[in-house]
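A.B. asks: Have a look; sequence and predicted model below, questions after that.
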Amino acid sequence: MKASEVLGDLKRRFPNEPEYHQAVSEVLSTIEDAYNEHPEFEKSNLIERLCIPDRIFTFRVSWMDDKGRIQTNMGYRIQHNNAIGPYKGGVRFHSSVNLSILKFLAFEQTFKNSLTTLPMGGAKGGSDFNPRGKSNAEVMRFCQAFMLELWRYVGPDTDVPAGDIGVGGREVAYMYGMYKKLARENTGTFTGKGIEFGGSLIRPEATGYGNVYFLLEMLKTKDIDLKDKVVAVSGSGNVAQYTVDKLIDLGAKVVTMSDSDGYIYDPDGIDREKWNYIMELKNLYRGRIREYAEQYGVKYVAGARPWSEKCDIAMPSATQNEISGEEAAKLVANGCFAVSEGANMPSTPEAIKIFQDSKILYAPGKASNAGGVSVSGLEMTQNAQKLSWTSEEVDAKLKSIMQNIHEQCLKYGTLSDGYVNYVKGANVAGFMKVAKAMMAQGIL
């Protein structure tokens, strides 16, 4: 297999899908050697089968707004690969959603889920509907209309959706309620459900907490203590919120958060009181991060991202391609020695090259943000067994999973000079498990 040839063929067959091409390119460039050690993979054309989704559902979603007008959006579900378990992946509601973004996310999810060691395949879905500025009634009507189209293709042993950008507990509850009514069953078809109806403790916190747990494992390899380190975090949604929560607990100093309008810089650090304000601002009032700057009299930069600020550690937790090559160079120049991704593919290829050439600790999202889907897998287990585990039990399992993912990255990503290429480690580890499962099951 030559990565360039495979990628060239995919670009020819699926043009105008840059995010999908980017995700495939990153994986192929790191697994090429491992793949070529197994001639049986090439004989069965495994790489092409792994890159192309099993199936894609595309549908129109029609719903009524509060003024009685009928609105239309597009809905999608990408079922990428189920070699190691039911399709599993979030649903994203955002105006930027298109097939390219969802195909990249589903592709990444396949390897991320493989890394968790839990029996889950890869999928992703969503719509170009944006919940921002919509009433609860409008969000409910949209979610119900979305599920009216999707419900036939999901189920506890088939495809288990969850939340993502724009889809939190409210949206999951509305979608699950509609699914339950249509399917006439009460099963673990969604994860990220409310604790009152089958959700798992620690699930809202899981992606952020897991990212910090992975960061701790990376820092241990260099004998670095997280306490008092200055951390720049992007985003102010679920992942960023609980990343900051855990960082505060562990004594780190978080100086930035952001949203799509801009970022705040608080040189004194975000403490517990300020974090509580952000939680209320974002989850109750659905406000903008600039209101934090007004409340506490700190710097706010409109239309920018926080990567020009000085920090020891960067934890991008917003969206894809949010760190450019130029911003990565600024981070390194300002003394940043570790980057752990809470979002999916937030660093551009140029940024990743700068991080790795500078030999700083760099963790790709498929490894460091796998905590969310890990606890989703644990939620599936609890639902299947009709059990509910304590917070302590779930948190302990989450820590163990993140430590195991780190060990796999070390196994496959440690280079001859001792530097750990976490991108290669995560990709090879995730790929080998899926590839062997596919080979064992024959040409399907």
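C.D. replies: Perfect, I can see it now.
A.B. asks: Let me see the ranges of the strands in the stretch 201-350 of the chain.
C.D. replies: Here the stretch 201-350 of the chain has its strands, by DSSP state E, counting those that start in this stretch, at 230-233, 253-259, 262-265, 299-302, 313-315, 338-340.
A.B. asks: domain ranges for the protein?
C.D. replies: When the chain is parsed with automatic domain parsing, its domains come out as 3-186, 206-363.
A.B. asks: looking at those, which is closest to residue 380?
C.D. replies: Residue 380 lies closest to domain 3-186 among the domains of the chain, at 6.2 Å (CB to CB). All C-beta atoms are positioned from the backbone trio N, CA, C, and that covers glycine.
A.B. asks: Endpoints of the closest one, how far apart?
C.D. replies: 44 Å (CA to CA, to the nearest Å).
A.B. asks: out of the strands of the stretch 201-350 of the chain, which comes closest to residue 1?
C.D. replies: strand 338-340 (29.2 Å).
A.B. asks: And the contacts of that closest one?
C.D. replies: Strand 338-340 is contacted from outside by 211-212, 214-215, 218-219, 224, 312-316, 323, 331, 347, 355, 360-363, 368, using CB atoms under 8 Å, 6 or more residues apart in numbering.
A.B. asks: Please list only the buried members of those residues.
C.D. replies: 211-212, 214-215, 218-219, 224, 312-316, 323, 331, 347, 355, 360-363, 368 (16 or more other CB atoms under 10 Å).
A.B. asks: The nearest residue to residue 388 once chain neighbours are set aside - how many residues pack around it?
C.D. replies: With sequence-adjacent residues excluded and distances taken as CB to CB, 6 or more residues apart in numbering, residue 388 is closest to residue 382, at 5.9 Å. Residue 382: 21 surrounding residues under other CB atoms under 10 Å.
A.B. asks: what does stretch 180-198 rub up against?
C.D. replies: 147-148, 151, 154-156, 160-163, 168-169, 172-173, 175-176, 179, 199-201, 203-204, 376-377, 379-380, 382-384.
A.B. asks: Could I get the average pLDDT for that stretch?
C.D. replies: Mean pLDDT, stretch 180-198: 94.
A.B. asks: For that stretch, measure first residue to last.
C.D. replies: 13 Å.
A.B. asks: tell me which residues in that stretch are buried?
C.D. replies: 180, 183, 187, 188, 189, 190, 191, 192, 193, 198.
A.B. asks: In these, find the pair that's most separated.
C.D. replies: The farthest-apart pair in the buried residues of stretch 180-198, when distances are taken by CB to CB, is 183 and 192, at 17.9 Å.
A.B. asks: Name the residue closest to the centre of this structure, please.
C.D. replies: Residue closest to the average C-alpha location in the chain (CA atoms, centre = their mean): residue 344, at 4.5 Å.
A.B. asks: can you tell me how far it sits from residue 88?
C.D. replies: Distance of residue 344 to residue 88, computed by CB to CB, to the nearest Å: 14 Å.
A.B. asks: do residue 178 as well
C.D. replies: Residue 178 is 20 Å from residue 88, by CB to CB.
A.B. asks: now do residue 146
C.D. replies: To residue 88, residue 146 is 18 Å away according to CB to CB.
A.B. asks: Could you check which of those two is surrounded by more residues?
C.D. replies: Remark: of residue 146 and residue 88, residue 88 carries more neighbours, 29 against 26, as counted by other CB under 10 Å.
A.B. asks: and the lengthiest strand in the chain, how far from the chain's centre?
C.D. replies: Counting by DSSP state E, the longest strand found in the chain is strand 70-81. Strand 70-81 sits 18 Å away from the centroid of its parent chain (CA atoms, centre = their mean, to the nearest Å).
A.B. asks: What strands line up against that strand, and which way round?
C.D. replies: strand 55-64 (antiparallel), strand 122-127 (antiparallel) (DSSP bridges).
A.B. asks: which of the ones you listed is buried the deepest?
C.D. replies: strand 122-127 (a mean of 30; mean count of other CB atoms under 10 Å).
A.B. asks: and of the domains of the chain, who's closest to residue 419?
C.D. replies: domain 206-363 (5.5 Å).
A.B. asks: show me what contacts residue 283?
C.D. replies: 168, 241.
A.B. asks: again with the one 10 residues further on
C.D. replies: Contact criterion CB under 8 Å, 6+ apart gives 264, 299, 300 as the residues in contact with residue 293.
A.B. asks: Just give me the closest of the residues you listed to residue 245.
C.D. replies: Residue 245 has its nearest neighbour among the contacts of residue 293 in residue 264, at 16.7 Å by CB to CB.
A.B. asks: just the angle between the helix or strand harbouring residue 379 and strand 122-127, please?
C.D. replies: Using DSSP states H and E, residue 379 sits within helix 371-385. Interaxial angle of helix 371-385 relative to strand 122-127 (axes from the mean of the first three to the mean of the last three CA atoms, to 10 degrees): 100 degrees.
A.B. asks: What's the first helix or strand after helix 371-385?
C.D. replies: helix 391-413.
A.B. asks: Rounded mean pLDDT for that following helix, please.
C.D. replies: 98.
A.B. asks: contacting residues around the helix or strand following that helix?
C.D. replies: Sequence order places helix 422-441 as the next helix or strand after helix 391-413, per DSSP H and E. Applying CB under 8 Å, 6+ apart, the set of residues contacting helix 422-441 from outside is 26-27, 30-31, 34-35, 38, 40-41, 44, 46, 49-50, 81, 83-84, 110-112, 114-115, 218, 352, 356, 361-364, 366-367, 405, 408-414, 444.
A.B. asks: buried stuff in helix 422-441?
C.D. replies: So for helix 422-441, counting by 16+ other CB under 10 Å, buried means 422-435, 437-439.
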